[in-house]
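S.K.: only geometry, no sequence info:
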C-alpha cells in the first residue's frame, strides 16, 4: 500500500500530463517525489536509466514520458515515434524490474484500438482489427508497453498497471502547429485568425471525425485514484465516454474565443480514425468519475495559453 511518504519517480514531469500529475500529487500531500530533466537523465539511454532507478530506488514509477504529436507529426516521423517510445518505455519498465521496483503505472493512448473499432471502445477490443495508418507507429509502441507490463506483472509478481486516456488538453499543452494535437492546434489557429481579422480557417480532413476529449487534471486525479486500487485487468480506459466531431469542437472554440470565422476543410488531408470514444464502464465499476466539463476545462486552458503564448 502506497502512502504520502512513498517515493515516486515521475518520468516526463515537464510535459502537459507529467506536470499535471506532479501538481496533483503535491496537492494530495505526496512529498517524496523525484524527477529529472533531459540534461540529468536521457530516458533513451538505457545504462543511465538503469543506473538512476537502482540508485534512487523509488517505490513507484509513473511513465508519463513519450514522444507525442498529432496526425502530421505521427505520419511524418513514424520511425522516431516507434523507436523513441519503445526505447523509453522498455528502459523504464525493464529497469524498474531490475531495480526490484514493485509498482509502476504506464500511460497508454486510445490510438491502441483498431481504426474501425466498435464504439464505444472496450478494453477487450485491442488487436481486434487493423490500426489507423496515420498513428500506427505510436500505437504499436503503446501496445507493446501494455503487454510488457502485463507479462512482467505475471512473471515476476509485480504491480505494473496501465491506464488508457483519450485526447487530453489543459495547462502546459503543446501549441506548435506541426506537432500538436487537434484541440490545441484549433485554439492556436482560431486565436491567430481572430488577431489577423481573417474570415476563415482551414482544417485538415472533412471535420466529421469524432474525438473524445479529457481535461488533463481529471486524468491526473484518476491516476492518483488508481495508484492504490487493485486492478484485475491488464489496463483500464480512463475518459469521459463522450465524443464530438472536429467540426463541433472548432465551432465550440470559435464561439468561446470570438470572431465570425468560417471553417474550410482541406479534404485532401486525412481525418485519422473515423471515431474514438472510450467505454469507461470498468473504471466506473472501480468508483472513478471525471469531474471537469469542457466549458470549465477550456476556461482554465485558455488562460494558460494566453499567459504563455
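M.R.: Noted; the coordinates are in hand. Everything numeric in this text was worked out from a predicted model, so none of it was measured.
S.K.: tell me the buried residues in the worst-scoring helix or strand of the chain on mean pLDDT?
M.R.: Lowest on mean pLDDT, DSSP states H and E among the helices and strands of the chain sits helix 71-76, with a mean of 85. Neighbour-count burial for helix 71-76 flags 71, 72, 73, 74, 75 (criterion: 16 or more other CB atoms under 10 Å). Quick note: C-beta positions are derived from backbone N, CA and C, even for glycine.
S.K.: thought the third one was touching residue 181?
M.R.: No - under the criterion of CB atoms under 8 Å, residue 73 lies out of contact with residue 181, with a separation of 9.4 Å.
S.K.: torsion angles phi and psi at residue 8?
M.R.: Main-chain dihedrals, residue 8, degrees, to the nearest 10: phi -120, psi 130.
S.K.: quick one: it from residue 47, how far?
M.R.: Residue 8 sits 23 Å away from residue 47, taking CB to CB, to the nearest Å as the criterion.
S.K.: who's in contact with the closest residue to residue 275 other than its chain neighbours?
M.R.: In space, and not counting its chain neighbours, residue 275 is closest to residue 210: 4.1 Å by CB to CB, 6 or more residues apart in numbering. Applying CB atoms under 8 Å, 6 or more residues apart in numbering, we find residue 210 in contact with 243, 244, 245, 246, 274, 275, 276, 277.
S.K.: if we use 7 Å, what do you get?
M.R.: Applying CB atoms under 7 Å, 6 or more residues apart in numbering, we find residue 210 in contact with 243, 244, 245, 275, 276, 277.
S.K.: confidence score at the last one?
M.R.: In this case it means residue 277. What the model reports for residue 277 is a pLDDT of 98.
S.K.: just the strands from the stretch 201-309 of the chain, written as ranges.
M.R.: Applying DSSP state E, counting those that start in this stretch to the stretch 201-309 of the chain gives strands spanning 210-211, 213-215, 236-237, 244-245, 262-266.
S.K.: save these as a markdown table, and put in distance to residue 143 too.
M.R.: Formatted as a markdown table, the strands of the stretch 201-309 of the chain follow (distance: least, CB to CB, whole Å):
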| stretch | distance to residue 143 |
| --- | --- |
| strand 210-211 | 20 |
| strand 213-215 | 20 |
| strand 236-237 | 14 |
| strand 244-245 | 26 |
| strand 262-266 | 30 |
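S.K.: list of residues touching the least confident helix or strand of the chain?
M.R.: Under CB under 7 Å, 6+ apart, the answer for helix 71-76 is 81, 134, 135, 137, 138, 178, 179, 204, 270, 272.
S.K.: which one of the buried residues of helix 71-76 sits closest to residue 196?
M.R.: Nearest to residue 196, judged by CB to CB, of those is residue 72 at 21.7 Å.
S.K.: elements contacting the one helix or strand residue 17 maps to?
M.R.: According to DSSP states H and E, residue 17 maps onto helix 16-27. For helix 16-27, the packing partners by 3 or more CB pairs under 7 Å, 6 or more residues apart in numbering; DSSP states H and E come out as strand 8-11, helix 216-227.
S.K.: and it with helix 216-227, angle?
M.R.: Using axes from the mean of the first three to the mean of the last three CA atoms, to 10 degrees, the direction of helix 16-27 lies 60 degrees away from that of helix 216-227.
S.K.: any idea of the mean pLDDT in helix 16-27?
M.R.: Average pLDDT, helix 16-27: 98.
S.K.: could you do stretch 84-95 as well?
M.R.: Averaged over stretch 84-95, pLDDT sits at 98.
S.K.: of residue 8 and residue 47, who's got more company?
M.R.: A count of neighbours by other CB atoms under 10 Å puts residue 8 above the other of residue 8 and residue 47, at 23 against 9.
S.K.: contacting residues for the nearest residue to the more buried one once chain neighbours are set aside?
M.R.: Nearest non-adjacent residue to residue 8, counting by CB to CB, 6+ apart: residue 60, 4.7 Å away. The contact partners of residue 60, by CB under 7 Å, 6+ apart, come to 2, 6, 8, 103, 104, 227.
S.K.: which of these are buried? Put it as a ChimeraX command.
M.R.: Burial among these is assessed by 16+ other CB under 10 Å; the matching ChimeraX selection reads:
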select :6,8,103,104,227
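S.K.: between all of the contacts of residue 60, which two are separated the most?
M.R.: 6 and 104 (12.9 Å).
S.K.: any idea which of the contacts of helix 71-76 has the most stuff around it?
M.R.: Neighbour-wise, the contacts of helix 71-76 (other CB under 10 Å) top out at residue 138, 27 neighbours.
S.K.: so which residues of the protein form helices?
M.R.: In the chain, the helices defined using DSSP state H lie at 16-27, 46-56, 71-76, 78-98, 136-156, 182-195, 216-227, 246-257, 281-285, 294-308.
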